[in-house]
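**Student:** take this sequence and fold it.
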Amino acid sequence: PSACEAAGKGLDKNNATYAGTPETFVVTARDHLQNQQLIGGDNFRSLLVRQHPPHANLYSWITNMGDGTYRVEYNATVSGRYNLAVNLENGVSNRQGASIASILNSNLGIRGSPFSIWVSSGPIEVSQTKVIGHGLRHAIAGYSSLFVVRLTDVFGNLASGNDNVTVFFEAEGIPSQATPTRPSSKVLRANVSFIGEESLQGDYLADWAPLVAAPHQVYVMLDGQTHVPGSPFQASVQTAPPFSKSTIAFGQGLQDGIAGGARSFNIRDRDWFNNNRTEGFTSFEVSIDGISLRDCPFIQEDTLHEVLCRCPGLASLDMSQCTQGPKVTSSNNDPQIVKHYYRQDSNTLFADDIFKAWAQNSVLSTSCNGLYHVIKAAGLNPADGRTPPEKSLTSEFAGVQRSFNTSDRLNGIYDVNFLVTRAGLYQITAKYFGHHIKDSPFSFTVKPDVFDKSIVDVTGNGLQRITSGHMVMFNIRMRDRFGNYLWKGGHQMQISLQQGMWPCLCALPVNLKDRLPITPGFTQQT
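**Tutor:** Numbers count the residues shown, from 1 in each chain. Below you'll find the model as predicted:
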């Protein structure tokens with residue numbers, strides 16, 4: 001027997017055949033000198049024994065070809081791993097009662113017997129397919145959801161992994177497919193893989209990560225054409241947890257405005273794939289900070305705009321973007337600094353020049369308390385040696401809190417309302433769990449309101465005793481209703497000089513000069 005040999009597709013270790021499909025192999029009879037027999041007549045027996053439960057035993061049909069070869073045919077309807085024994089039993093009698101073990105371990109086996117072969121599952125019985133798992137009906141946008149497709153063939157065998165299972169997801173016209181031939185699943189990619197083994201057959205795992213938070217239809221098909229029972233399935237896809245970098249803020253409260261005007265903006269809660277979240281109850285941290293310019297009479301709007309263009313991080317004291325320019329060289333209290341600053345072309349000055357001018361002149365540095373922060377951030381010391389106050393928003397900022405709560409509409413939109421009455425440079429910070437939302441912090445400028453004639457500063461020696469023949473001067477500094485010094489001129493004023501009870505002997509011209517670049521009108525009275 002050890003000289004006899006077998007060959008053929010029916011002995012394939014990995015895929016000999018499919019359940020219900022007949023398969024064959026050929027046994028060649030040889031003598032002890034390896035010569036092939038020229039005629040038939042040898043007594044061969046072939047038996048298949050399934051290794052794992054449910055156990056199944058199957059004898060093969062053997063056909064004598066008359067030339068020393070024998071055709072062996074079998075048709076297994078139970079899939080799985082088998083041991084196939086081929087024994088030469090010439091001269092052996094009474095083998096009908098032999099045990100399975102004795103046949104498999106017999107010394108009468110031909111070369112290589114018993115053989116290990118694999119029988120795959122047969123044609124799928126679509127009506128018996130089951131789709132199970134929580135992930136079939138429920139998913140979270142951007143996260144993997146799992147469900148199982150369990151296939152059975154027409155003989156009741158669980159699938160062996162050779163089937164073409166296609167899962168198709170569709171929501172709002174955005175499809176994504178998963179097939180067994182695709183690579184391993186990634187965050188944005190679905191995947192179908194066979195998860196059975198030899199002793200446990202039948203299951204395909206579908207792993208999908210939908211991106212759109214919306215109802216989905218889930219199509220489960222065989223060979224890309226035949227739907228399994230229940231397909232298409234309805235699945236709900238919920239939004240993922242809030243994601244700071246996708247969450248946005250919008251509204252006029254984040255833009256430049258006027259002191260005293262009601263300000264508001266909205267926060268739109270989104271997950272990491274920009275799906276709008278509608279659940280509500282998200283905690284956002286919102287705060288406001290900035291520099292007050294309320295009591296600084298030397299602010300010029302055009303020049304301030306130039307400074308902000310060169311130092312966009314001014315409100316947050318970020319001086320890293322400030323452009324270095326030509327230096328201003330002058331001594332403390334030098335009136336040339338003021339002249340240079342107020343010239344028509346003063347907006348050509350670089351930011352660091354203006355900061356140095358403020359720092360070097362005691363009048364400017366003491367008048368513009370809010371700009372102490374700028375001076376400190378620029379690494380400069382005020383000429384009068386005063387220590388810049390801490391940068392914070394306190395009760396002096398009427399109607400503004402350093403941090404405040406958001407109003408939850410319970411639809412994913414959060415309202416933020418606040419009031420700023422002090423002109424200055426501000427920034428709003430909005431965070432989720434310590435992380436900035438998209439584009440946060442938001443910088444904006446609050447400009448003074450319109451001129452309020454009831455709040456005017458008039459100073460100078462020209463308001464005191466006047467000596468005949470001498471030119472005198474005084475300043476008129478205009479404020480809005482909140483006490484903010486105005487940043488622009490151009491107002492029409494009427495100034496009269498009365499000589500008391502004495503008759504006026506001559507006309508006295510009164511010149512009204514607007515220090516800001518806009519030339520105002522003026523009147524003369526006697």
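**Student:** all the strands of the stretch 51-200 of the chain, residue numbers only.
**Tutor:** Applying DSSP state E, counting those that start in this stretch to the stretch 51-200 of the chain gives strands spanning 57-59, 61-64, 69-74, 80-88, 115-120, 130-132, 138-140, 145-150, 165-171, 174-178, 191-194.
**Student:** how about JSON lines for those strands, with mean pLDDT added?
**Tutor:** Output for the strands of the stretch 51-200 of the chain, formatted as JSON lines (pLDDT from 0 to 100):
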{"stretch": "strand 57-59", "mean pLDDT": "89"}
{"stretch": "strand 61-64", "mean pLDDT": "94"}
{"stretch": "strand 69-74", "mean pLDDT": "96"}
{"stretch": "strand 80-88", "mean pLDDT": "93"}
{"stretch": "strand 115-120", "mean pLDDT": "93"}
{"stretch": "strand 130-132", "mean pLDDT": "94"}
{"stretch": "strand 138-140", "mean pLDDT": "94"}
{"stretch": "strand 145-150", "mean pLDDT": "94"}
{"stretch": "strand 165-171", "mean pLDDT": "85"}
{"stretch": "strand 174-178", "mean pLDDT": "54"}
{"stretch": "strand 191-194", "mean pLDDT": "90"}
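**Student:** adding mean neighbour count, write those out as CSV.
**Tutor:** Quick note: C-beta positions are derived from backbone N, CA and C, even for glycine. Output for these, formatted as CSV (neighbours: other C-beta atoms under 10 Å):
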stretch, mean neighbour count
strand 57-59, 13
strand 61-64, 14
strand 69-74, 19
strand 80-88, 22
strand 115-120, 21
strand 130-132, 15
strand 138-140, 18
strand 145-150, 20
strand 165-171, 22
strand 174-178, 15
strand 191-194, 19
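**Student:** which of those sits closest to residue 427?
**Tutor:** With C-beta to C-beta, the closest approach to residue 427 among these belongs to strand 138-140: 34.2 Å.
**Student:** list the pairing partners of the closest one within its sheet, with orientation.
**Tutor:** With DSSP bridges as the test, strand 138-140 is paired with strand 233-238 (parallel).
**Student:** restricting to C-alpha, output the strand it pairs with in PDB.
**Tutor:** Only the C-alpha atoms of strand 233-238 are listed here, as PDB (Å, rounded to 0.1, in the frame of the first residue of the first chain):
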ATOM      1  CA  PHE A 233     -32.500  48.600   6.500                       C
ATOM      2  CA  GLN A 234     -33.200  51.900   8.200                       C
ATOM      3  CA  ALA A 235     -30.500  53.300  10.500                       C
ATOM      4  CA  SER A 236     -30.300  56.500  12.500                       C
ATOM      5  CA  VAL A 237     -26.900  58.300  12.700                       C
ATOM      6  CA  GLN A 238     -26.500  60.600  15.600                       C
END
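**Student:** that one - what's its average pLDDT?
**Tutor:** When pLDDT is averaged over strand 233-238, the result is 93.
**Student:** quick one: that strand to strand 165-171, angle?
**Tutor:** Relative orientation of strand 233-238 versus strand 165-171 (axes from the mean of the first three to the mean of the last three C-alpha atoms, to 10 degrees): 50 degrees.
**Student:** can you list the residues that contact strand 233-238?
**Tutor:** Applying C-beta atoms under 8 Å, 6 or more residues apart in numbering, the contact partners of strand 233-238 are 131, 136-141, 169, 171, 210, 212-218, 220.
**Student:** quick check: what element follows it along the chain?
**Tutor:** On the C-terminal side of strand 233-238, the closest following helix or strand by DSSP states H and E is strand 248-250.
**Student:** walk me through which strands the next helix or strand after that next one pairs with, and which way each runs.
**Tutor:** Downstream of strand 248-250, the first helix or strand assigned by DSSP H and E is strand 257-258. Applying DSSP bridges, strand 257-258 is found paired with strand 442-447 (parallel).
**Student:** so what touches the partner strand?
**Tutor:** Under the contact criterion C-beta under 8 Å, 6+ apart, strand 442-447 has outside partners 249, 254-259, 301, 304, 308, 312-313, 315-316, 420, 422-430, 487.
**Student:** repeat the analysis, applying 7 Å as the threshold.
**Tutor:** Here strand 442-447 makes contact (C-beta atoms under 7 Å, 6 or more residues apart in numbering) with 249, 254-259, 312, 315, 420, 423-428, 487.
**Student:** my read: residue 61 touches residue 73, true?
**Tutor:** Yes: shown here, residue 61 and residue 73 form a contact pair, counting by C-beta atoms under 7 Å, at 4.7 Å.
**Student:** give me the nearest residue to residue 137, chain neighbours excluded.
**Tutor:** Spatial nearest neighbour of residue 137, chain neighbours left out: residue 235 (5.3 Å); criterion: C-beta to C-beta, 6 or more residues apart in numbering.
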